[in-house]
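Enquirer: With the sequence up front, the predicted model follows.
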Amino acid sequence: MAEHPGAMTTIRASTAEEGDALAELRRALDAETAFMLAEPGERGSELPDQSYRFVADDGGRLVGVIDVFALRWRRARGRGAIVLGVRASAQGQGVGRALLNEAIAEARRRAMWRLELTTMRHNQVALGLYEACGFEVEGVRRSSVRMDGGFVDEVYMGLVLAPPGSAEMGDHLGDEPA
């Protein structure tokens, strides 16, 4: 516990019993500032989940998976975070590219405007794939992942499918997928 300098406010760990008070605080913050992700009145009534997944099936054996985790807040509706994995035995055969292309096509069908992902900085194969599919490096998360007794940087990448406000995007913030 720590006292905030110049005030009687105490900084402490939150407790499980404070669920209602914490929910009220979050609703108040949503109403008081435009810098929270949730809009006033939205918390607790988030939009339906638009997340999706595709798998690569090689004769009944799954060899790859791609998840797109879509955010459920109106301000971020249409933005998805990608997680892609391909078995070592299936790498170099176009499985990752096929999964990524299908995920991008589905994002467009759902009128999503942005996809994003991270990959370890030394994963040159993944970086090349993502760049070939249109993703651009947007930044580096320094010492973001523990690996082999050390820390590894992650590269943060994004793909803007349709610029916000463009005719291509329209106003699909609350729409459901077709």
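Expert: In hand now; what should we look at? Residues are numbered from 1 along each chain as shown.
Enquirer: contacts and neighbour counts: CA atoms only from here.
Expert: OK.
Enquirer: Which parts of this protein are strands?
Expert: 2-3, 10-11, 52-58, 61-70, 79-86, 114-120, 136-147, 150-160 (DSSP state E).
Enquirer: Neighbouring strands of the longest one in the sheet, and parallel or not?
Expert: Which is strand 136-147. strand 150-160 (antiparallel) (DSSP bridges).
Enquirer: just the CA coordinates of the partner strand, formatted as CSV?
Expert: Output of strand 150-160 as CSV, limited to C-alpha atoms (Å, rounded to 0.1, in the frame of the first residue of the first chain):
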residue,chain,number,x,y,z
GLY,A,150,16.5,-14.1,-22.1
PHE,A,151,14.1,-11.6,-23.6
VAL,A,152,13.0,-11.3,-27.2
ASP,A,153,11.6,-8.3,-29.0
GLU,A,154,8.3,-8.5,-30.8
VAL,A,155,7.4,-6.7,-34.0
TYR,A,156,4.0,-5.2,-34.0
MET,A,157,2.4,-5.2,-37.5
GLY,A,158,-0.9,-4.0,-39.0
LEU,A,159,-3.0,-4.2,-42.1
VAL,A,160,-5.5,-1.5,-42.8
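Enquirer: mean confidence score for it?
Expert: Across strand 150-160, pLDDT averages out at 97.
Enquirer: In it, which residues are buried?
Expert: Judged by neighbour count using 16 or more other C-alpha atoms under 10 Å, the buried positions of strand 150-160 are 152, 153, 154, 155, 156, 157, 158, 159.
Enquirer: any idea how far residue 98 is from the second one?
Expert: Read that as residue 153. In this view, residue 153 and residue 98 are 26 Å apart by C-alpha to C-alpha, to the nearest Å.
Enquirer: wait, which of the strands of the chain is closest to residue 34?
Expert: strand 79-86 (18.6 Å; C-alpha to C-alpha).
Enquirer: tell me which strands and helices that closest one is in contact with?
Expert: Under the contact criterion of 3 or more C-alpha pairs under 8 Å, 6 or more residues apart in numbering; DSSP states H and E, strand 79-86 touches strand 61-70, helix 95-109, strand 114-120.
Enquirer: most packed of the ones you listed?
Expert: Neighbour counts averaged per stretch over the helices and strands packed on strand 79-86 are highest for strand 114-120, at a mean of 20; criterion: mean count of other C-alpha atoms under 10 Å.
Enquirer: Give me the sheet partners of that strand and which way each runs.
Expert: Strand 114-120 is paired, per DSSP bridges, with strand 79-86 (parallel), strand 150-160 (antiparallel).
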